[in-house]
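S.K.: here's my sequence, what's the structure:
(one chain, ligands or ions: 1)
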Amino acid sequence: MAVLVTGGAGYIGSHTAVALHEAGRRGVILDDLSNASRAAVDAVRGLTTPDLAFVEGDAADVGLVGEAIDRYEVDEVVHFAASKSVAESVELPLAYFRNNLGSLLGVLAAMEDRGIRRLVFSSSCTVYGEPDVVPVTEASPIGAVNPYGWTKLHGEQVLDAVAAAGGLDVMLLRYFNPIGAHPSGVIGEDPTGIPTNLAALLMQVALGRRDRLQVFGGDYGTVDGSAVRDYLHVVDLAEAHLAALDALTTRTGATAVNLGTGRGHTVLELVRLAEEVVGHPIAHEVVARRPGDAGRIWADPSLATEVLGWTAERDLRTMLEDHWRWCESHPDGFADARTDPPRAPRLGGAPGS
Ligand SMILES: NC(=O)c1ccc[n+]([C@@H]2O[C@H](COP(=O)([O-])OP(=O)(O)OC[C@H]3O[C@@H](n4cnc5c(N)ncnc54)[C@H](O)[C@@H]3O)[C@@H](O)[C@H]2O)c1
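M.R.: Model prediction:
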C-alpha cells in the first residue's frame, strides 16, 4: 500500500517523500505545481527512486485524487497542499479559502468514497495567533489573526467534525517554524518572488541577491528585543509525519499535536549564527514591528513525544548549515534544472507561518 502526499513537490512535502522512502514506505506525490516545479519532483526521484509516482493536478479534484488512490493502492494520506503566504492571504482571502479548504474537502471526499481513514494534516502554530502565555500547549487558546491562519483553523474544525462523526482518524500537526534542508543539498525551500520567511531572506542576503535583511521589531520583551520563534529542522518535521502515520494505526479520532523543538531563539540570534555558518557578515537592520506578528512563541512539544514518540533532534546550527548548503549550491532554487515552461505568478510564494 502507498501513502498519498498532496503538495509533495513543495518544501516540506518533498522532504517527507524522501523520509517515507528512507523508511521503506511507498509515497505517491500529487501536486498542481502552483508553488513548486517538476525539477523538484525529479530531485526527489534522484534521492529516492526513479519510479516514484507523481500525479500533476489539483487536490480539490475529487475524481483525480480518487484515481490516484485507486491506481497506486493508497491507504493513507498526508495532506500538505495549500497556499501559505500570510501577506498574500490578506490580499487574496477568497483564493486562500478556495484553495486551502477546497483541496482539503477534495481529499476528504475521495478518501470517504474509498473508506480510507488515516490522514495527517499540515496545520500551523498560526492557529494560536498572538499567545499571552508561552510555551503554547495544544490546550492553549486558539484564534488565528489572518486569512491564512483561518484556513488552517477552519481546516482543523472540518477534520474534528468528520472525525467526531466516526469517519476519520487524523493528526492535526501544528508546525512551528520549519527551516533547513536535506543534508544532501539536493532539495530545499525554493521561494518565489520576495520571500517573507526569515531563513530564505537571510540566505538571499548572504548570497548577495538582496541588500539587507529587515528585522521586524527591536522592542519586544526578549533578551535582545527581537522576536522569538521555535525553529525546527525540516527533516525532523518530515520524520514527525512518519511517526504520525504510525500513531494512527492505533489512535482514533482527531488529535492536535505541536511540532517544535520547545526552544525559542531570537531573530538576532539566528542572524548571528547564520553569519558564522556562511562565514561573513549578513547586512541587516532593525525596523518597526509588523502588525499581527507575535513577539514570542514557542512550542511545548511534550505531547508529540507522548503520542508520536517523536522529538526534534537537530539543533539550530545544523538547520542553518543544511539550509546554506542547499542555497549555496542552488542560488536560483530549482530554476537551473527546470524543464517546465515559464508559468504565471504562483500563489503561495512566500511562507508566512
Ligand atoms: N513552511 C512553513 O513555514 C509552514 C508552517 C506551518 C504550516 N505549513 C503548512 O505546511 C504545508 C506545506 O508547506 P510548504 O512550506 O511545504 O509549502 P510549499 O508551498 O512549498 O508546498 C505546498 C505544495 O502544495 C502545492 N499545492 C498548493 N495548492 C495545491 C492544490 N490545490 N492541489 C495540489 N497541490 C497544491 C504547491 O504546488 C506546493 O508544491 C502547507 O499546508 C502549509 O500551509 C507550512
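S.K.: for this structure, which residue gets nearest to the ligand?
M.R.: residue 10 (2.0 Å; CB to the nearest ligand atom). In short, each C-beta sits where N, CA and C put it, glycine included.
S.K.: got the contact list for the residue lying closest to that residue once chain neighbours are set aside?
M.R.: Spatially, and ignoring its direct neighbours in sequence, residue 10 is nearest to residue 36 (4.8 Å; CB to CB, 6 or more residues apart in numbering). Residue 36 sits next to 7, 9-10, 14, 190 when contact means CB atoms under 8 Å, 6 or more residues apart in numbering.
S.K.: so where does residue 30 fall, helix or strand?
M.R.: Residue 30 is part of strand 26-31, with elements assigned from DSSP states H and E.
S.K.: give me the buried positions along whatever helix or strand comes next after that strand.
M.R.: Sequence order places helix 38-47 as the next helix or strand after strand 26-31, per DSSP H and E. Of all the residues in helix 38-47, those buried under the rule 16 or more other CB atoms under 10 Å are 38-45, 47.
S.K.: how far off centre is helix 38-47?
M.R.: Mean-position distance between helix 38-47 and its chain equals 18 Å (CA atoms, centre = their mean, to the nearest Å).
S.K.: and if you look at stretch 84-103?
M.R.: A distance of 15 Å separates the centroid of the chain from that of stretch 84-103, by CA atoms, centre = their mean.
S.K.: mind listing residues that contact the helix or strand hosting residue 101?
M.R.: Under the criterion of DSSP H and E, residue 101 resides in helix 93-113. With CB under 8 Å, 6+ apart as the contact definition, helix 93-113 has outside contacts at 6, 34, 58-63, 65-66, 69, 77, 79, 81-83, 88-89, 117, 119, 121, 147-148, 150-152, 154-155, 158-159, 162, 167-168, 347-348.
S.K.: quick check: residue 309 touching residue 243?
M.R.: Yes - look at residue 309 against residue 243 with CB atoms under 8 Å: they come within range, at 6.0 Å.
S.K.: show me which of these two is the more surrounded one.
M.R.: Higher neighbour count among residue 309 and residue 243: residue 243, with 22 against 10, using other CB atoms under 10 Å.
S.K.: that one - that's part of a helix, no?
M.R.: Yes - counting by DSSP: H, G, I helix; E, B strand; the rest coil, residue 243 is part of a helix.
S.K.: residues in the stretch 151-300 of the chain within reach of the ligand, list them.
M.R.: Residues of the stretch 151-300 of the chain that fall close to the ligand, judged by CB under 6 Å from any ligand atom: 175, 178.
S.K.: how about stretch 41-54, does it reach the ligand?
M.R.: No - applying CB under 6 Å from any ligand atom, one finds stretch 41-54 separated from the ligand by no less than 9.4 Å.
S.K.: what sits up against that stretch?
M.R.: Residues outside stretch 41-54 that contact it (CB under 8 Å, 6+ apart) are 2, 8-9, 14, 17-18, 21, 27-31, 68, 72, 182, 184, 186-187, 334, 337, 339.
S.K.: show me how to select, in ChimeraX, the buried members of these.
M.R.: Typed into ChimeraX, the next command selects the buried ones out of those (criterion: 16+ other CB under 10 Å):
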select :2,8,9,14,17,18,21,27,28,29,30,31,68,72,182,186,187,334
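S.K.: which of the contacts of stretch 41-54 fall within helices?
M.R.: Among those, the residues falling in helices (DSSP state H) are 14, 17-18, 21, 68, 72.
S.K.: what segments of the stretch 201-350 of the chain are helices?
M.R.: For the stretch 201-350 of the chain, the helices defined by DSSP state H, counting those that start in this stretch cover 234-247, 267-278, 302-303, 316-329.
S.K.: sorry, back to before: can I get the buried residues of helix 38-47 in TSV with pLDDT and distance to residue 267?
M.R.: As requested, these are exported to TSV (pLDDT from 0 to 100; distance: CB to CB, whole Å):
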residue	pLDDT	distance to residue 267
38	96	34
39	97	31
40	97	28
41	98	33
42	98	34
43	98	30
44	98	31
45	98	36
47	98	31
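S.K.: any chance of the residues you listed in CSV, plus distance to residue 202?
M.R.: Output for these, formatted as CSV (distance: CB to CB, whole Å):
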residue, distance to residue 202
38, 27
39, 23
40, 21
41, 27
42, 27
43, 22
44, 25
45, 29
47, 25
